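A.B. asks: Fold the stuff below for me.
(2 chains)
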Amino acid sequence: MRLLKLIMFPVLLLMLVIFICGCKSKYRDLDLTMYQYRDTKDLVKFVYDASLILKKEGMTSLSYFQNNRTLFHTPDYYLYIYDMKGTNVYHAGMEHLEGKNLWNVTDKSGKKILQLVLDALEDSNNPHAWVHYSWWEPGNFYPVPKSSCHFKVTTPEGKELFVGGGINYPHEEQEFIRIIVDDAAHLIEYKGGQALADIANPVSQYNYRDVSVFAFRPDGEMLISPAINSTFSQTNLLECADEVGHKPFAKALKELESADAVWEVFMAKNRYQRRLIKKCLYIRKTTMAGKEIYVAAITDLPEPPY
Amino acid sequence: MATKAKSYEYSVNQVPPAGHLLVSSLQHVLLMVISLVLPILFASQINGTAEFAATLIAFSMLAAGLGSIIQSVGLPFIGSGYLCPNVCGPSYFSLSLSAAWAGGLPLMRGMIIIAGLVEMAIAPIIQKLKKIFPTFIVGLVVAMVGVSIISQSITSFFGLAFRDDAIQSIDIFVGMFSLMVMVLANVWGKGFIKMYCLLIGILSGWILALILIPEYWHNLAAAQDFPIFALPAIGPEFRGITFDFKMIIPFVVIAISGSLKSFGNLLAAQKISEPELQEPNFVPIRKGLLADGFSTALAGLLGGMAVDTSSSNIGLAGATKVLSRWISVGAGVIFVILAFFPKFITMLSMMPKPVMGASIIFAGSFMICTGLAEMFSEAWDPRKTFVVGISLFFGLSTAFLPSLYARAPHFIQTFFTDPLPTTTIIAVVLNQVFNLDIVLGNLKKKK
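C.D. replies: Predicted structure coming up:
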């Protein structure tokens, strides 16, 4: 009996392993490895699931979405569907928006949200079409920061739509700044010096919440300042040090001798609690008028849970 | 001897049969592996490559493994001779990161060596402190060893990898299941079941997590990228050792704090291993602190993260009544061997967080209750009430209100870092102050 138990345990374990290996995940085509937070991964999966339904069932699935609004509306995010001209087809959280065209709707800072979404959907560097803006919650009187992801869907009827969902009070993912910095670097490569004004524009995709893309020359001279929209600051970025004396720009530029882009961690004061926290800097090399320059942005790093 | 046999399955100096020794050592290794999250996090925070992370983990494991052996094998001048393995020390984490940013890994190594030497220098002083550690303060310190791992255990239990991230009900279910298996196996089980309650709880929780939460199954896939056997690749980051005078004070402070924590751990290990002792025997504790400091310095020399004695493993030993120091030696040997098998280490470090949390709660519960029982084992008076009460107020506040201390005057920040060292320091000082009348009275009588 004891021998039988000893044999049965590994056999059952092996069967379990085979069973789990044999299960096909519906997310096998969805790469989420670039995200650190579960909240972000959950949102992408939530929107992706809905996009699969719409892709398979087409326009008939809209009645399913409309009859099951609670399934697509959580305290942190909700689902919405638009056509490519900005007309809302379905909104799990704000039913009254259905049928309205929101093409020219802007957030509190003036960002044209729908237009940014369509740009993001065309951007191969932004695989889940992230857009960052502020929105509101019905009944509340203050803006809510949001980061939304989107999937473009062509229904069996041949209609082009996009499905999206935005998380309220989002975490700052490193992937978010990778996307905007890489995009900014490509824009500079393509448009040259003219791109700098577009990148510095506060209502562009390159600026959201506390994040802004900036640019500088190899000698540390700033083209777009990370701290202030003015040229009176004569700070040389290469000389800048963090709260523990570390010079992140100088170190990053050394690493950029053998790489196109680098991440650098540094310590800064927390905005609210004034204690030291870890932040990260992402820098990418690009060229402007044949000369090498650097494009960068700064974001928070996830903090350990305790 | 017959009566003693009832209080433990294997006594501190007993050598268990080979099978039990191996499985018990593995059980302790599973708890030690939890601390490997620190070098993994460290590598990600300084943007180290996968190769860098693997080497840092390997060196940290070598230091922790060798430290565990030295601590427990019973050498003449060093090591407590208790079951008290070493793991990567969380108290050094933030400061090591600051050193690595300011001067790279060479500076981190240099400063860890200094911290280790400071711990070694403190060790002989501990023996002189016999009078300032009466039984009730020893009990308080042991209880605080358990209290100090509450944050780590609960955040893991809820499956949190990062602050403020999503919590899923399924994680809580897995954690609760794992914890219940451990506890019920310990309470109702006999023989093997009782002895290996943690191992059984971890395995059953892990299997349940793999069935219910695909994320953990996907995480395991990361092990595919690692070779089965590999020697640590000593990249340019691991060459050289430097020092920075500006960082000496913070590292000395953290070394003192680390010594106090290890002091608490060693007291707990002694209490569990030698319950018949009427008052602490400071000789093994001094030797244990010396070994702890040596292991920390060794970690710096090797290029790993600073190591510390493990509260959870002592709690496990107490809960299972398997106290043989040879298990700590076995766990150390396995840790050293595993350092060269990255694939296995990656798989082990992918243990679901709720299962990790359940393991630490299981071990920590024992530490808290052992300490409290010790504390209240002697007659109580108002002096003790205020010594314990006030020190707990301020000690626990470091965990409840960390942001408050971030803005406090610098000298307060230095000492109010963590519940264990803060409570210990305040309790020792207040005990002397509140007993000043007795001391003066005794002096008068002598005159």
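
A.B. asks: Chain neighbours aside, what residue packs nearest to B:T320?
C.D. replies: Once flanking residues are discounted, B:T320 sits nearest to B:M195: 5.4 Å by Cβ to Cβ, 6 or more residues apart in numbering or on different chains. C-beta coordinates here come from the backbone N, C-alpha and C atoms, glycine included.

A.B. asks: who's in contact with the one you found?
C.D. replies: Shown in contact with B:M195 (Cβ atoms under 8 Å, 6 or more residues apart in numbering or on different chains): B:9, B:20, B:24, B:320, B:322.

A.B. asks: Compare these and tell me which has the most neighbours.
C.D. replies: B:S24 (28 neighbours; other Cβ atoms under 10 Å in any protein chain shown).

A.B. asks: surely that residue meets B:R325?
C.D. replies: No - contact criterion Cβ atoms under 8 Å: B:S24 and B:R325 do not qualify, at 11.5 Å.

A.B. asks: Output the contacting helices and strands for the longest helix seen in chain B.
C.D. replies: Ranked by residue count under DSSP state H, the longest helix found in chain B is helix B:93-126. Under the contact criterion of 3 or more Cβ pairs under 8 Å, 6 or more residues apart in numbering or on different chains; DSSP states H and E, helix B:93-126 touches strand A:261-269, helix B:37-45, helix B:248-273, helix B:282-302.

A.B. asks: Can I get the ones you listed in JSON lines including distance to B:T414 and mean pLDDT?
C.D. replies: Output for the helices and strands packed on helix B:93-126, formatted as JSON lines (distance: least, Cβ to Cβ, whole Å; pLDDT from 0 to 100):
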{"stretch": "strand A:261-269", "distance to B:T414": "18", "mean pLDDT": "88"}
{"stretch": "helix B:37-45", "distance to B:T414": "23", "mean pLDDT": "84"}
{"stretch": "helix B:248-273", "distance to B:T414": "5", "mean pLDDT": "87"}
{"stretch": "helix B:282-302", "distance to B:T414": "19", "mean pLDDT": "95"}
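
A.B. asks: could I get the ones you listed as JSON lines with mean neighbour count and distance to A:L237?
C.D. replies: Converted to JSON lines, the helices and strands packed on helix B:93-126 look like this (neighbours: other Cβ atoms under 10 Å in any protein chain shown; distance: least, Cβ to Cβ, whole Å):
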{"stretch": "strand A:261-269", "mean neighbour count": "19", "distance to A:L237": "12"}
{"stretch": "helix B:37-45", "mean neighbour count": "20", "distance to A:L237": "22"}
{"stretch": "helix B:248-273", "mean neighbour count": "24", "distance to A:L237": "27"}
{"stretch": "helix B:282-302", "mean neighbour count": "25", "distance to A:L237": "33"}
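
A.B. asks: count of residues packed around the residue nearest to B:A297 when sequence neighbours are not counted?
C.D. replies: Spatial nearest neighbour of B:A297, chain neighbours left out: B:G116 (2.8 Å); criterion: Cβ to Cβ, 6+ apart. Around B:G116 there are 26 other residues, counting by other Cβ under 10 Å.

A.B. asks: Does B:G116 touch B:L289 like I think?
C.D. replies: No - applying Cβ under 8 Å as the test, B:G116 and B:L289 come out as separate, 11.2 Å apart.

A.B. asks: how near is A:S258 to chain B?
C.D. replies: Per Cβ to the nearest Cβ, to the nearest Å, A:S258 is found 12 Å from chain B.

A.B. asks: Can you tell me the SS state at that residue?
C.D. replies: The three-state assignment at A:S258 reads coil, by DSSP: H, G, I helix; E, B strand; the rest coil.

A.B. asks: any idea how far it is from A:A200?
C.D. replies: From A:S258 across to A:A200, the span is 29 Å (Cβ to Cβ, to the nearest Å).

A.B. asks: For A:D107, which residues are in contact?
C.D. replies: By Cβ under 8 Å, 6+ apart, the contact set of A:D107 is A:113, A:133-135, A:143.

A.B. asks: pLDDT weak spots in the stretch 1-150 of chain B?
C.D. replies: By pLDDT under 70, the weakly predicted segments of the stretch 1-150 of chain B are B:1-7, B:127, B:130.

A.B. asks: Just give me the neighbour total for the residue of it found nearest chain A.
C.D. replies: At 4.2 Å from chain A, B:W101 is the closest residue in the stretch 1-150 of chain B, using Cβ to the nearest Cβ. Per other Cβ under 10 Å, the neighbour tally for B:W101 reads 25.

A.B. asks: That one: what's its closest spatial neighbour, skipping adjacent residues?
C.D. replies: Using Cβ to Cβ, 6+ apart, the nearest residue to B:W101 is A:H246, at 4.2 Å.

A.B. asks: check contacts around that neighbour.
C.D. replies: Shown in contact with A:H246 (Cβ under 8 Å, 6+ apart): A:266-267, B:101-102.

A.B. asks: does it count as helix, strand or coil?
C.D. replies: coil.

A.B. asks: got a pLDDT number for it?
C.D. replies: Looking at A:H246, its pLDDT reads 83.

A.B. asks: quick one, phi psi at it?
C.D. replies: Backbone torsions for A:H246, taken as degrees, to the nearest 10, come to phi -80, psi 140.

A.B. asks: gap between it and A:M267?
C.D. replies: For A:H246, the distance to A:M267 equals 7 Å [Cβ to Cβ].

A.B. asks: What of A:L114?
C.D. replies: Using Cβ to Cβ, A:L114 is found at 39 Å from A:M267.

A.B. asks: One more: A:E172?
C.D. replies: 16 Å.

A.B. asks: next one: the helix or strand B:F136 falls within to chain centre, how far?
C.D. replies: Counting by DSSP states H and E, the element that carries B:F136 is helix B:135-147. On the basis of Cα atoms, centre = their mean, to the nearest Å, helix B:135-147 sits 14 Å off its chain's mean C-alpha point.

A.B. asks: quick one: contacts of the helix or strand following that helix?
C.D. replies: Helices and strands here follow DSSP H and E; after helix B:135-147, the next one along the chain is helix B:150-157. The contact list for helix B:150-157 (Cβ under 8 Å, 6+ apart) reads A:305-306, B:34, B:90, B:172, B:175, B:179, B:353-354, B:356-358, B:360-361, B:364, B:399.

A.B. asks: so which of those residues is the most crowded?
C.D. replies: B:P354 (30 neighbours).

A.B. asks: mind checking how far it is from A:N104?
C.D. replies: Where A:N104 is concerned, B:P354 sits at a distance of 47 Å (Cβ to Cβ).

A.B. asks: try B:W188
C.D. replies: Counting by Cβ to Cβ, the gap from B:W188 to A:N104 is 68 Å.

A.B. asks: tell me the contacts of the residue of the stretch 51-200 of chain A found nearest chain B?
C.D. replies: Going by Cβ to the nearest Cβ, chain B is nearest to A:H171 of the stretch 51-200 of chain A, at 7.1 Å. A:H171 makes contacts with A:36-37, A:39-40, A:302, B:162, B:164-165, as judged by Cβ under 8 Å, 6+ apart.

A.B. asks: got it, and B:V145?
C.D. replies: B:261, B:264-265, B:268, B:311, B:314, B:367, B:371, B:420.

A.B. asks: at 6 Å what do you get?
C.D. replies: Listed by Cβ atoms under 6 Å, 6 or more residues apart in numbering or on different chains, the contact set of B:V145 reads B:264-265, B:268, B:311, B:367.
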